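Asker: sequence first, predicted coordinates after that:
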Amino acid sequence: MSTEGNAAVSGAFTPVIRLADLPPNTKKAVTLGSRCVLVCNQGDRLYAISNVCSHNEKPLERGRMGNGWIACPVHGARFDLATGAAMNLPAKNPIATFEVRTVGEWIEVLV
Ligand code: FES
């Protein structure tokens, strides 16, 4: 079984983090193959997004989360956690989002 940070099988759900290790309003970055993915538990809902801001390719993992969004810590662009849409400048382009599910005690992400 894969664990946090391990390479993923492309096109398959991969276990990345134990649910108990991602309490509400926290996030963790994982690497799945060539992708940097940020798994977020915001408002008791799970999301998996690209960990790379579309404005200037900075990591989002230290960004603040709010009601369904995450803010880039560098210039403040916010992204919708569900759709990846850029919500304000300076970002104009969306970030990638990934399917996420729980299976038993594991959070799994599809890349
Ligand atoms: S690098 Fe994210 S808003 Fe500029």
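Answerer: Arrived safely. This is a predicted model, so every value here is computed, not measured. Residues are numbered from 1 along each chain as shown.
Asker: so who does the closest residue to N41 other than its chain neighbours touch?
Answerer: Of all residues not flanking N41 in the chain, L22 sits nearest, at 4.7 Å (CB to CB, 6 or more residues apart in numbering). Using the backbone N, CA and C atoms, a C-beta is placed for each residue, glycine as well. L22 is in contact with 28, 39, 41, 46, 107, counting by CB atoms under 8 Å, 6 or more residues apart in numbering.
Asker: what's the closest of these to F98?
Answerer: If you rank these by distance to F98 using CB to CB, V39 comes first, at 8.9 Å.
Asker: which non-adjacent residue is nearest F98?
Answerer: Going by CB to CB, 6+ apart, F98 has A48 as its nearest residue, at 4.0 Å.
Asker: thought the one you found was touching V109?
Answerer: Yes - under the criterion of CB atoms under 8 Å, A48 makes contact with V109 at 4.5 Å.
Asker: what pairs with V39 across the strands?
Answerer: K28, A48 (DSSP bridges).
Asker: okay, and for the chain, where does confidence drop off?
Answerer: By pLDDT under 70, the weakly predicted segments of the chain are 1-10.
Asker: and it, which residues reach the ligand?
Answerer: Residues of the chain lying near the ligand by CB under 6 Å from any ligand atom: 53, 55-56, 58, 72, 74-75, 77, 90-91.
Asker: name the SS class of E57, please.
Answerer: coil (DSSP: H, G, I helix; E, B strand; the rest coil).
Asker: before I go, just wanted to say thanks for your time.
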